[in-house]
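Participant: Let's see this in three dimensions:
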Amino acid sequence: QVQLVESGGGSVQAGGSLRLSCAASGRTLRDFAMGWFRQTPGKEREYVIGITRTGDGTTLADSVKGRFTISRDNANNTVYLQMNSLKPEDTALYYCAARASYYVSTIPNVYDYWGQGTQVTVSS
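Facilitator: Numbers count the residues shown, from 1 in each chain. Sure thing, here's the model as predicted:
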């Protein structure tokens, strides 16, 4: 069993930056590919960015290319989402997720564990 806890969300003006963290307990994150998703009320959960189990590959949604990056610190069992040049449309509840695979997926249902989410609000 893996417990994931996101932190670092908050309110920021457009153009600003935030760094989200996803801390894991229960098992080592070395066993998992990791993804970040986001969701707004009334919409489906949307893939944002992910990183392979070993950290040698990342996959980004087109909407965040050039602005968001993901990294992982397996020694500290933590994954990070660096968000720069934030836009109002980035406002959402952000979730991290762990998949017991080498590969990242953009499909939420294939992930095995989820955090509770952290809110990001970007004002214009």
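Participant: middle-most residue in the protein, spatially?
Facilitator: Centroid-nearest residue in the chain: Trp36, 2.3 Å away (criterion: Cα atoms, centre = their mean).
Participant: didn't it look like it was pressed against Met83?
Facilitator: No. Trp36 is beyond contact range of Met83, at 9.5 Å (criterion: Cβ atoms under 8 Å). Quick note: C-beta positions are derived from backbone N, CA and C, even for glycine.
Participant: So for those two, which residues contact both of them?
Facilitator: Common neighbours of Trp36 and Met83 (criterion: Cβ atoms under 8 Å, 6 or more residues apart in numbering): Leu20.
Participant: ok, back up a step: who is the residue nearest to the centre of the chain paired with across the strands?
Facilitator: Counting by DSSP bridges, Trp36 forms beta bridges with Ile49, Cys96.
Participant: Show me the contact partners of the helix or strand harbouring Ala98.
Facilitator: Using DSSP states H and E, Ala98 sits in strand 92-99. Contact with strand 92-99 is made by 2, 4, 6, 9, 20, 22, 24, 29, 32-40, 45-46, 48, 79, 81, 105, 108, 110-120, as judged by Cβ under 8 Å, 6+ apart.
Participant: could you say what helices and strands the lowest-mean-pLDDT helix or strand in the chain packs with?
Facilitator: Using mean pLDDT, DSSP states H and E, the weakest-scoring helix or strand in the chain turns out to be strand 58-60, at a mean of 94. Judged by 3 or more Cβ pairs under 8 Å, 6 or more residues apart in numbering; DSSP states H and E, strand 58-60 is in contact with strand 46-51, strand 68-73.
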